[in-house]
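In: sequence and predicted structure, then a few things I'm wondering about:
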Amino acid sequence: MKEIQFEIRSIEMLGLAVDQILGFASDCKVFAFYGEMGVGKTTLIKSLCKKIGVLDYVCSPTYTIVNEYQDHNWKPVYHFDFYRLKQEQEAFDLGYEEYFYSGNFCFIEWPERIESLLPENIVKVFLMNKNNTRIVNCKK
């Protein structure tokens, strides 16, 4: 398993963090974001979407469970929030496989709700808040 760790000390450092995450990911397009509520998962995903050329407004899909955006090449980018899922069957009902194995970018918040359904080729991004600094640990 490969791993990198770095800190985000200010909102201005998001661009550098995004570059590190995408560089580390290389060919992976599915990202799972772990961390407590309010740690900055959605903010980081917004920055990732901007970097890969998403033109749409990016927001947390808390109530819709999945948002679909378009990048500058009109390719879909999927953003999930599984916080409200009570059981994995709900992900099956959503058709998660079509999204995760589409070859398009997928950003997943609250992946622990569907841990056994996650693909093998995935980047796991762990966020932690320590004294107003975000500690980011990426594994693949």
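Out: Okay, I see it. Residues are numbered from 1 along each chain as shown.
In: the residue nearest the centre of the chain bridge partners, please.
Out: Of all residues in the chain, the one closest to the mean position by Cα atoms, centre = their mean is residue 107, 3.0 Å from it. Beta-bridge pairing for residue 107 (DSSP bridges): residue 31, residue 79.
In: is it correct that residue 33 falls within a helix?
Out: No - counting by DSSP: H, G, I helix; E, B strand; the rest coil, residue 33 is not part of a helix but strand.
In: give me the spatial nearest neighbour of it, chain neighbours excluded.
Out: Of all residues not flanking residue 33 in the chain, residue 41 sits nearest, at 4.3 Å (Cβ to Cβ, 6 or more residues apart in numbering). All C-beta spots, glycine's among them, are computed from the backbone N, C-alpha and C.
In: so what touches stretch 29-37?
Out: 21, 25, 41, 44-45, 48, 100, 103-109, 111-112, 118-119, 121-129 (Cβ atoms under 8 Å, 6 or more residues apart in numbering).
In: helices - which of those land there?
Out: Using DSSP state H, the subset of these located in helices is 21, 25, 41, 44-45, 48, 100.
In: of the residues you listed - the most surrounded one?
Out: Neighbour counts for the ones in helices among the contacts of stretch 29-37 (other Cβ atoms under 10 Å) peak at residue 45, which has 27 neighbours.
In: got a list of what the residue lying closest to that residue once chain neighbours are set aside touches?
Out: Excluding the flanking residues, the one nearest residue 45 by Cβ to Cβ, 6+ apart is residue 107, at 4.6 Å. By Cβ under 8 Å, 6+ apart, the residues touching residue 107 are 31, 33, 45, 48-49, 77-80.
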